[in-house]
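Enquirer: Here's a sequence, model it:
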Amino acid sequence: MELFRKTAHELLSMMRAGEVSPVDVAKSFFTRIRGVENSVKAFVTILEEQALKRAAELESADRSLPLYGIPVAVKDNMCTEGIQTSCGSKILGAFKPPYDATVVKKLKAAGAVIVGISNMDEFAMGSSCEHSAFFPTRNPWDLERVPGGSSGGSAAATAAGECALALGSDTGGSIRQPASFCGVVGLKPTYGAVSRFGLVAFASSLGQIGPFSKDVRDSALFLNVLAGYDPADSTSVNHKHPDYTTS
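Expert: Sure, this is the predicted structure:
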C-alpha cells in the first residue's frame, strides 16, 4: 500500500482505526524519499532515524492527537531544537538552535512526525529555489523546471509525496507561488494568525508561516494546529480562531 500517496486526513482515519501504524506510515514516506530525493532535492536535512523513533513512540500515544503520526517537513528558516537551521545559507553553517519555533512546538504537541528540513532560496530571497547555497530544488512534475520559491523545498516535497504536510513562510508569495508551480495547496494565513516566534524572517511586517498540503481539507486541518495567540510573538493577534475544517 503506497501510504505516501494518501492525504493527511486519510492517513489519520487509517491510523486511528488501527489499520496502519505511525511506523508503517513513516516507513512508506522514507521509502518514497529514498526513491525520488536524489532527483527532486527537496531536503537539506533528512531526519529518518529521529522520525522513526518518534513514530514508534506514538504507537502508544493518544490517537486523537490532531496530527497523530502525520509526516511533516519544516522549512529551513524555522528553528528546530538541535537540528541545523541554515536558511539555505552557508553563512549560518551548522547552526543548531537551542529551542523550537512555536510552530515546531505545536507540531510536536499535535503528534506530527518531522521527516526533514526543506530547502529554500537563501534567506528567502528568491522565487525559484535555485538560490539555495546548497543545491537547487527541482519541480517533481518536470525536473527541468523550478518548483518556485522561496519555500520551494516544502512545495516540492509535498507534491512528490515525500511528506504529507509541510511548513512554509510567505512574505510576497513564497508559499502561494511554489504551491501553484507544484500543484499543491498553499495558504498564507492572515497576518498575526500564526506565531512567527522562531522564524528567521525576510520582512517581519509581512512574513507569515503557513501550510502546504495535498488538498484543502488537509490545509484546514493543519491550520487548526498552527493558528493561535502566542505571547512570545509581538505580532500575534489574541483572537479566537474557528475550526477551519467546518468554517
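Enquirer: Report the secondary structure state of the residue most central in space within the chain.
Expert: For the chain, the residue sitting closest to the mean C-alpha position, by Cα atoms, centre = their mean, is residue 166 at 2.1 Å. The assignment at residue 166 comes out as strand when based on DSSP: H, G, I helix; E, B strand; the rest coil.
Enquirer: could you pull out the helices for this structure?
Expert: Across the chain, reading from the start of the chain, the helices by DSSP state H fall at 8-16, 22-40, 48-58, 102-109, 152-159, 176-182, 216-226.
Enquirer: For residue 74, find the nearest of those helices.
Expert: The minimum distance between residue 74 and the helices of the chain falls on helix 102-109, with 6.3 Å, by Cβ to Cβ. All C-beta atoms are positioned from the backbone trio N, CA, C, and that covers glycine.
Enquirer: From residue 21, how far out is residue 60?
Expert: Counting by Cβ to Cβ, to the nearest Å, the separation of residue 60 from residue 21 is 11 Å.
Enquirer: if you count what's nearby, which of those two comes out ahead?
Expert: When residue 60 and residue 21 are compared for neighbours, residue 21 comes out ahead with 16 against 6, by other Cβ atoms under 10 Å.
Enquirer: Need phi/psi at that one.
Expert: The phi and psi torsions at residue 21 (degrees, to the nearest 10) take the values phi -110, psi 160.
Enquirer: Flag the shaky bits of this protein, pLDDT-wise.
Expert: Under the criterion of pLDDT under 70, the regions of the chain flagged as low confidence span 1.
Enquirer: Next, work out how far apart residue 218 and residue 8 are.
Expert: Shown here: residue 218 relative to residue 8, a distance of 4 Å by Cβ to Cβ.
Enquirer: Let me see the contact set for the residue nearest to the centre of the chain.
Expert: Shown here is residue 166, whose contacts under the criterion Cβ atoms under 8 Å, 6 or more residues apart in numbering are 72-75, 118, 151, 154-155, 157-158, 211-213.
Enquirer: give me that answer again for 7 Å
Expert: For residue 166, the contacting residues are 72, 73, 118, 154, 157, 158, 212, taking Cβ atoms under 7 Å, 6 or more residues apart in numbering as the criterion.
Enquirer: Can you tell me which of these is closest to residue 109?
Expert: Using Cβ to Cβ, residue 72 is the member of the contacts of residue 166 that lies nearest residue 109, at 12.6 Å.
Enquirer: do you know how far that closest one is from residue 66?
Expert: Taken as Cβ to Cβ, the spacing of residue 72 relative to residue 66 amounts to 12 Å.
Enquirer: Between those two, which is the more surrounded one?
Expert: Counting neighbours by other Cβ under 10 Å for residue 72 and for residue 66 shows that residue 72 has the greater number, 28 against 17.
Enquirer: thought the more buried one was touching residue 114?
Expert: Yes: contact between residue 72 and residue 114 holds when scored by Cβ atoms under 7 Å: they sit 5.7 Å apart.
Enquirer: Enumerate every residue touching the closest residue to residue 5 other than its chain neighbours.
Expert: Of all residues beyond its chain neighbours, the one nearest residue 5 is residue 161 (5.9 Å), with distances taken as Cβ to Cβ, 6 or more residues apart in numbering. When contacts are counted by Cβ under 7 Å, 6+ apart, residue 161 is found next to 4, 5, 32.
Enquirer: show me what contacts the last one?
Expert: Taking Cβ under 7 Å, 6+ apart as the criterion, residue 32 is in contact with 4, 161, 162.
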